[in-house]
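In: coordinates only, sequence not included:
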DNA sequence: AATCCGGGGGA
DNA sequence: TCCCCAGGATT
């Protein structure tokens, strides 16, 4: 009889991991608390193949926690640029500074202290403690959720509180007594390579002998997908302004909302507001701008239609000069700033003259 | 406990 | 276009 406490589950997963797991991920060598933490944050809602090159660049630039804490936020955002979910970078930076202030410049080896840091929740704290220190804490990420929903035949969208509570209980019940770092990695490798969302490799599965979904023919329908909904749409005009030296005027976004604190193009909700802003900041004629092709960008909760408008040579009004919110930036400097991916693409595509 | 927030890439 | 990927914060 297999059940929630079945010790064979973890044992079989570990045996599979030894020969089939991923043992060469960049954050595994060396597996320091700082690198584990950084990798866990980068991997939130982000696939391994996407995060890996960002991780390598990040640790090359900021190799330890004190270096991260000492870096300006702009530098951290620049290293994050293109990875998305920029709140993660701001939280990471704030957490590093909190560790310097409260924990002697190191990541605390304590669940409550970890969860108290910005950007670290229950699952990430468990992952850090298990991977960095071998402590006995469960995780519940997308992989573990999918595996547990199938193996135990748990129906209902995992985002529902009752389902999530049940999954945490199951994750806790499966924990082995030893090898917690390997077990944590094994679950994620298993979910990412065998127990995938579509077309899982059940024939190769090390725990197929207890899987409720496999036995009942429900593998493809579990976990229950999130209920769908239609997303609202918004529009925004962005102003692509070049000066005589080929530089582009960038504006820092507000510290809250989407793309918080990143550098972007000046933006307005409609042409009236865009014209007002243009006439307040620049010499020249708003109507002289060239309308570029719209750019569609989908967020999780709404769709944004970006309407770019370009001026090849404009000059600022005498009273307007570079400041904290606004600066002229040469194309070879784009890499040093945190710029949202669709805006960066627009700048690189529209930069040729 | 319920709700909100948010980039990108693969299918 | 849809879906979801190593979730967390806010209320």
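Out: Cool, got the structure. Just so you know, these numbers come straight off a predicted model, no measurement behind them.

In: up against DNA strand B, what does the stretch 1-150 of chain A have?
Out: Contact residues (C-beta under 7 Å from any atom of the strand) of the stretch 1-150 of chain A with DNA strand B: A:45-47, A:49-50, A:82-87. C-beta coordinates here come from the backbone N, C-alpha and C atoms, glycine included.

In: run through those and flag the ones next to DNA strand C.
Out: Of these, the ones that also sit near DNA strand C (C-beta under 7 Å from any atom of the strand) are A:45-47.

In: find the closest residue to DNA strand B in the stretch 101-250 of chain A.
Out: At 3.4 Å from DNA strand B, residue A:161 is the closest residue in the stretch 101-250 of chain A, using C-beta to the nearest atom of the strand.

In: could you redo the ones next to DNA strand C among the residues of the stretch 1-150 of chain A next to DNA strand B as JSON lines and give each row distance to residue A:217, neighbour count and secondary structure?
Out: As requested, these are exported to JSON lines (distance: C-beta to C-beta, whole Å; neighbours: other C-beta atoms under 10 Å; DSSP: H, G, I helix; E, B strand; the rest coil):
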{"residue": "A:45", "distance to residue A:217": "30", "neighbour count": "11", "secondary structure": "coil"}
{"residue": "A:46", "distance to residue A:217": "32", "neighbour count": "15", "secondary structure": "coil"}
{"residue": "A:47", "distance to residue A:217": "28", "neighbour count": "9", "secondary structure": "coil"}
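
In: closest one to residue A:115 out of those residues, please.
Out: For these, the closest approach to residue A:115 (C-beta to C-beta) belongs to residue A:45, at 18.6 Å.

In: nearest spatial neighbour of that closest one, chain-adjacent residues omitted?
Out: Nearest residue to residue A:45, sequence neighbours excluded (C-beta to C-beta, 6 or more residues apart in numbering): residue A:85, at 6.1 Å.

In: got it, and residue A:219?
Out: Nearest residue to residue A:219, sequence neighbours excluded (C-beta to C-beta, 6+ apart): residue A:213, at 4.6 Å.

In: is it true that the one you found touches residue A:154?
Out: No: using C-beta atoms under 8 Å, residue A:213 makes no contact with residue A:154, being 9.0 Å away.

In: among those two, which residue is more densely surrounded?
Out: Neighbours per residue (other C-beta atoms under 10 Å) separate residue A:213 from residue A:154, with residue A:213 holding more: 24 against 19.

In: give me the pLDDT for the more buried one.
Out: pLDDT, residue A:213: 90.

In: which parts of the stretch 101-250 of chain A sit against DNA strand C?
Out: Residues of the stretch 101-250 of chain A lying near DNA strand C (C-beta under 7 Å from any atom of the strand): A:115, A:117-125, A:127, A:141-143, A:145-146, A:185, A:188-189, A:191-192, A:197, A:225-226, A:228.

In: for residue A:188, what are its contacts?
Out: The neighbours of residue A:188, taking C-beta atoms under 8 Å, 6 or more residues apart in numbering as the test, are A:139, A:141, A:143-144.

In: what is the burial count for residue A:159?
Out: When neighbours are defined as other C-beta under 10 Å, residue A:159 has 12 of them.

In: excluding chain neighbours, what is closest to it?
Out: residue A:226 (6.2 Å).

In: check residue A:118 too.
Out: residue A:91 (3.9 Å).

In: up against DNA strand B, what does the stretch 151-300 of chain A have?
Out: So the stretch 151-300 of chain A meets DNA strand B at A:159-162, A:165, A:198, A:257-260, A:297-300 (C-beta under 7 Å from any atom of the strand).

In: distance between whichever helix or strand residue A:346 is part of and the chain's centre?
Out: Under the criterion DSSP states H and E, the helix or strand holding residue A:346 is helix A:341-350. Mean C-alpha position of helix A:341-350 versus that of the full chain (C-alpha atoms, centre = their mean, to the nearest Å) differs by 20 Å.

In: okay, now residue A:271: neighbour count?
Out: As a burial measure, residue A:271 scores 15 neighbours (other C-beta under 10 Å).

In: what about it, distance to residue A:281?
Out: Computed as C-beta to C-beta, to the nearest Å, the residue A:271 to residue A:281 distance reads 16 Å.

In: nearest residue to the closest residue to DNA strand C within the stretch 201-350 of chain A in space, please, no chain neighbours.
Out: Nearest residue of the stretch 201-350 of chain A to DNA strand C: residue A:225, at 3.9 Å (C-beta to the nearest atom of the strand). In this structure, residue A:225 finds its nearest non-sequential neighbour in residue A:157, 6.9 Å apart by C-beta to C-beta, 6+ apart.

In: surely the one you found touches residue A:226?
Out: Yes: between residue A:157 and residue A:226 there is a contact at 5.4 Å, judged by C-beta under 8 Å.
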